[in-house]
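> My questions concern the predicted model and sequence given below.
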Amino acid sequence: MIDRYTTPEMRNVWGDAARWSAALRVEVAVAQAQAKRGDIPAEAAQAISTRATVNLARIAELEATLDHDTLAFVNAVAESVGPEGRYLHYGLTSSDVVDTALALQLRAAADLILAELDALIAVIIRRAREERDTVMAGRTHSVHAEPMTFGAKLAGWAFEAARNRTRLVTAADEVATGKISGPVGTYSQIDPAIEREVLSALGLRVDPVSTQIVQRDRHAALVAAIAITGGTLERFATEIRNLQHTEIDEVREPFRSGQAGSSAMPQKRNPVKSERIAGLARILRGYAAAAAENQALWHERDMSHSSAERILLPDATGLIHYALRSMHGIIDGLEVNRDAMRRNLDAGLGLHAASRLLTALVNAGAPRDQAYALVQGATAAARAELRPLADVARATREISALLDEREIVRALDERAALAHCGLLVDRLKEIETNS
């Protein structure tokens, strides 16, 4: 991933040094377990544990000849150990080390993602409570519907983010699976007890039947969960972009001093961070498709997944980490224009109350189809004449014959629509309790 969209923490998880250090952890753990069982000399395991080092330059030099990066790693580490290095990688196949080390990297990446997601959930909850009573127009099809509060909108965001956390936790737990079962996964040269001991020491699950690799449904599930999380961030970002329209102007991305919105138009404040997140979410969905393609390998394994994973796993985890951090900053500094929210709602001429007027007419005895036609006609007149719906309702003989002044006022009172919005914000306690 290009540096522009990579966090330093995630870069450290996926660099070559981290990759081969994880592989060395696996090799050392295997050697120690084998020595306990007497499969290799104790002094060999001791030498491997104390003298083995990762030399990236030497690995690259050997790979240039071998065209096999894992064997280059094994040979380079064996050189650093000395004569006892001949017991390194004893009875193992490449995927024992590569897939188990990958599980360690994925677990580290997932920990970073979950920490960033927790921070995002916390800031959404804080902002939802701050905007608990901020009234705005609810919109469907980009058209005013019932009024709501901005706090209720944000509460929905928090719950969606929390659902993503549940998916990611499950997928991360499942992908933290390794194998130390040798060629084709049949333990032909290594005892199953070694696998159990090594993976327990590394804090990983044992793949019960691995073939020569850890099967890729686990990895596909993680990348799918990441892509869904990206879709959630895109939904938030799209709403912010829409509400920042000049004609709406209800929220604005944070805009720091000295920031520029356009090279030609100094007045511009564009929602560029939200747009960036929307673009990155598209990439994440592409990675999810590639991860799903990696499931269907030939026989006990082939190499078609490897090249794709070297790109998609670091990139997918890195992009979602970056996007989560970016969205955190957007929500934390989001400017809420409460005056614009009120102004836009009032400009709707009270048409948002049409459904409640319909209900009042039905309660007064009107057949629903007739009540619907009456209210639809009143809203059309209000829109055409730029008159509040309340005035039109009072002046409509068929409506005033069924509802007196007090009943019309009560039906059109926006507070009736907002009565339970605070309850939606109160439900955020469920997220805090469950976490």
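Great, that's in hand.
> How about residue 400, nearest residue that isn't a chain neighbour?
residue 394 (6.0 Å; C-beta to C-beta, 6 or more residues apart in numbering). Yep, even glycine has a C-beta here, placed from its N, CA and C like the rest.
> tell me the contacts of that neighbour?
By C-beta atoms under 8 Å, 6 or more residues apart in numbering, the contact list for residue 394 reads 400, 405, 408.
> Please identify which helix or strand holds the first one.
Think residue 400. helix 397-402 (DSSP states H and E).
> who touches the helix or strand just after that helix?
Moving toward the C-terminus from helix 397-402, the next helix or strand (DSSP H and E) is helix 405-412. Identification of contacts with helix 405-412 by C-beta under 8 Å, 6+ apart yields 350, 353, 356-357, 359-360, 364, 389-390, 393-394, 399-400, 403, 416.
> For burial, what's the neighbour tally of the closest residue to residue 90 other than its chain neighbours?
Once flanking residues are discounted, residue 90 sits nearest to residue 40: 5.6 Å by C-beta to C-beta, 6+ apart. Residue 40: 22 surrounding residues under other C-beta atoms under 10 Å.
> remind me, longest helix of the chain?
helix 94-130 (DSSP state H).
> what is the mean pLDDT for the helix or strand following that helix?
Sequence-wise, the next helix or strand downstream of helix 94-130 (DSSP H and E) is strand 135-140. In this model, strand 135-140 has a mean pLDDT of 96.
> again with stretch 281-292
Averaged across stretch 281-292, the pLDDT comes to 97.
> buried sites along the helix or strand hosting residue 62?
In this assignment (DSSP H and E), residue 62 forms part of helix 56-66. Neighbour-count burial for helix 56-66, counted by 16 or more other C-beta atoms under 10 Å, picks out 58-59, 62-63.
> Now do that helix: which elements does it pack against?
helix 16-36, helix 69-81 (3 or more C-beta pairs under 8 Å, 6 or more residues apart in numbering; DSSP states H and E).
> The ones you listed into JSON lines, with extra columns for mean neighbour count, mean pLDDT and distance to residue 123?
Below are the helices and strands packed on helix 56-66 laid out as JSON lines (neighbours: other C-beta atoms under 10 Å; pLDDT from 0 to 100; distance: least, C-beta to C-beta, whole Å):
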{"stretch": "helix 16-36", "mean neighbour count": "21", "mean pLDDT": "98", "distance to residue 123": "29"}
{"stretch": "helix 69-81", "mean neighbour count": "20", "mean pLDDT": "97", "distance to residue 123": "41"}
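> will you turn the ones you listed into CSV that also has distance to residue 375?
Formatted as CSV, these follow (distance: least, C-beta to C-beta, whole Å):
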stretch, distance to residue 375
helix 16-36, 64
helix 69-81, 71
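> And the ones you listed: which comes nearest residue 338?
Among the helices and strands packed on helix 56-66, helix 16-36 comes nearest to residue 338, with 46.9 Å by C-beta to C-beta.
> Which stretches in the stretch 151-300 of the chain count as strands?
177-178, 205-206, 251-252 (DSSP state E, counting those that start in this stretch).
> What strands flank the last one, and is each parallel or antiparallel?
Paired with strand 251-252 in the same sheet, following DSSP bridges, are strand 335-336 (antiparallel).
> Kindly provide the whole-number mean pLDDT of the strand it pairs with.
Over the span of strand 335-336, the pLDDT mean works out to 97.
> Buried residues of the next helix-or-strand element following it, list them for me.
The helix or strand immediately downstream of strand 335-336 is helix 338-347, counting by DSSP H and E. Neighbour counts over helix 338-347 (16+ other C-beta under 10 Å) mark 340-341, 344-345 as buried.
> and which of those residues is nearest to residue 132?
residue 341 (13.6 Å).
> these two touch, right, that closest one and residue 250?
Yes. With contacts counted by C-beta atoms under 8 Å, residue 341 reaches residue 250, the gap being 5.0 Å.
> Identify the contacts common to the two.
Between them, residue 341 and residue 250 share the contacting residues residue 136, judged by C-beta under 8 Å, 6+ apart.
> most surrounded residue in the contacts of helix 405-412?
Taking other C-beta under 10 Å as the neighbour criterion, residue 393 ranks highest of the contacts of helix 405-412 with 28 neighbours.
> in what helix or strand does that one lie?
In this structure, residue 393 sits in helix 389-395 according to DSSP H and E.
> can you check residue 365 too?
Under the criterion of DSSP H and E, residue 365 resides outside all helices and strands.
> Local confidence estimate at it?
Residue 365 carries a pLDDT score of 94 in this model.
> dump the residue contacts of it.
Residues near residue 365 by C-beta under 8 Å, 6+ apart: residue 402.
> Past the lowest-mean-pLDDT helix or strand in the chain, which element shows up next along the chain?
Among the helices and strands of the chain, helix 414-418 carries the lowest confidence by mean pLDDT, DSSP states H and E, at a mean of 88. Per DSSP H and E, the first helix or strand lying C-terminal to helix 414-418 is helix 421-426.
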